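Asker: After the sequence you'll find the predicted model.
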Amino acid sequence: MADLREMPEAELRARVRKLLDEVHPERTDSITFRRKQFEHGLALVHFPEGHGGLGISPKQQVTVYDEIAKHSKVVHHDPLVATIGIGMGMPTVLTYGSEEHKKYHLPRIFSGEDIWCQMFSEPSAGSDVAGLSSRAVRDGDHWVVNGQKVWTSVAHLSSWGMLVVRTNPDVPKHDGLSYFIVDMKTPGVTVRPLYQITGEAEFNEVFFDNARIPHANMLGKEGQGWRVAITTLMNERVAIGGGGAKKKGAGAISQVVQLWQKRKPGALSAAQEVIMRDRVTRAWMDNELLRITNQRARAAQRSGNPGPEGSVGKLAQAEINKRLWELAVDVLGSEGLSFEAGFELRQSGFESRSLEGLAKYQFLRSRANSIEGGTSEIMKNILGERVLGLPGDPRVDKDVPWKDVPRS
């Protein structure tokens, strides 16, 4: 696709100042300000005009936040709990939703009024999403859904969910899926929390028991669910992999460096000091390489949805993050052995933690990085097959109707 146009910087900054004249972040709440930001086309500038953007290069989004920061001590960034909706829901609705879907959902997602979740994985179909067995049967203007989803982040807080179910078992697995957006308050939808190693319950299992979903809530056409799901998944990998620090030495690595600088004198032998210093240096280099790689990916982003290259950042982020927080716990020494946590229904638990507490929390939480949003093994397959052009894994069920595929 062709590159999106670039707006003169002075003109874009003038638009931001006009927004601030109308509603200032220091004098209003996040939802009100972000609603108005959407109306001014400054939400996601690469989105079309009238849908939260200006149809210009996504590189210019940084200019928007730079101008806001110049004139306000408060910047209403994306709410953490709205990451799924903004990073995955908005591009999917924009690509496949009706005009009514776009007008209703896009501003509410960006503002944080509506939290969204993603319901793809199932107990018997995790990495093989296309093998899922939750069913939807047409009944007039509705679809009756039965089945179970699992690992659904923030489902307990969500107003809406993105759902892929099987609508035709008589065709190969990728061809028999359809994609819906679901009101999570629909009768027959039950959300149950799953407790994690951190002691929190940020993700859930979701049960559908004769839940009726309007046909109007289908995105794409019947049987196009896999195509729509790929749009969601590609945006998910960019959202996860590209969400790191924007400045050199910032973000998680800065916290690990602080821990290193705070270490107790004499806690390590001279040899251990050398080894640990090398590990901290290597971690800083890895994070800097990831930051620059993400910058290059954003600079090269074109109109439309991201391609398989988004898996690069996601894979790197997952593996680097795990090594980083393992290093942080090693720097803590014996202090890193204890961890206390309650069981709370929330998305993240590090906002009020000390630097040491954050390190221990993130060490546990980062274990999920190589699973959520597609496992590291799946990312390697995608990169090998779709980027490097290597032969794909054997797929014996590719042309077999889903109902005839053996399942345990």
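Answerer: Happy to help now that I have it.
Asker: drop to CA atoms for contacts and neighbour counts, all remaining ones
Answerer: Noted.
Asker: excluding its backbone neighbours, what's nearest His24?
Answerer: Spatially, and ignoring its direct neighbours in sequence, His24 is nearest to Phe33 (7.1 Å; C-alpha to C-alpha, 6 or more residues apart in numbering).
Asker: What strand or helix carries the one you found?
Answerer: In the assignment (DSSP states H and E), Phe33 maps to helix 30-39.
Asker: List the contacts of that helix.
Answerer: Applying C-alpha atoms under 8 Å, 6 or more residues apart in numbering, the contact partners of helix 30-39 are 19, 23-25, 43-44, 50-53, 76, 107-108, 110-113.
Asker: correct me, but Ser158 touches Glu113?
Answerer: No: look at Ser158 against Glu113 with C-alpha atoms under 8 Å: they stay out of range, at 10.0 Å.
Asker: continuing past the helix holding Phe33, what's the next helix or strand?
Answerer: helix 61-71.
Asker: got the contact list for that following helix?
Answerer: By C-alpha under 8 Å, 6+ apart, the list of residues contacting helix 61-71 reads 9, 12-13, 16-17, 20, 42, 44-45, 75.
Asker: the helices in the protein, which residues?
Answerer: 9-22, 30-39, 61-71, 83-84, 90-96, 99-111, 225-241, 252-261, 270-299, 310-332, 355-365, 376-382 (DSSP state H).
Asker: Tell me which of these sits nearest to Ala201.
Answerer: Across these, Ala201 has its closest neighbour in helix 355-365 (11.6 Å, C-alpha to C-alpha).
Asker: Most widely separated two among the contacts of helix 61-71?
Answerer: Checking the contacts of helix 61-71 with C-alpha to C-alpha, the most distant pair is Glu9 and Val75, at 19.7 Å.
Asker: Looking at those two, which is more packed in?
Answerer: Neighbour count, other C-alpha atoms under 10 Å: between Glu9 and Val75, Val75 has more, with 17 against 12.
Asker: Just give the number of residues close to the nearest residue in space to Thr375 that is not next to it in sequence.
Answerer: Of all residues not flanking Thr375 in the chain, Ser127 sits nearest, at 7.1 Å (C-alpha to C-alpha, 6+ apart). Residues within reach of Ser127, counting by other C-alpha under 10 Å, total 18.
Asker: I'd guessed Ser127 sits against Gly373; true?
Answerer: No: using C-alpha under 8 Å, Ser127 is not in contact with Gly373, being 9.5 Å away.
Asker: what about Lys247, how many neighbours?
Answerer: 10.
Asker: Drop anything exposed from the contacts of helix 61-71.
Answerer: Neighbour counting by 16 or more other C-alpha atoms under 10 Å classes 12-13, 16-17, 20, 42, 44-45, 75 among those as buried.
Asker: thinking again about what came up before, let me see the contact set for the residue nearest to Thr375.
Answerer: Ser127 touches 121, 374-375, 378, counting by C-alpha under 8 Å, 6+ apart.
Asker: Could you do Lys221 as well?
Answerer: Ser178.
Asker: how much space between it and Pro265?
Answerer: Using C-alpha to C-alpha, to the nearest Å, Lys221 is found at 64 Å from Pro265.
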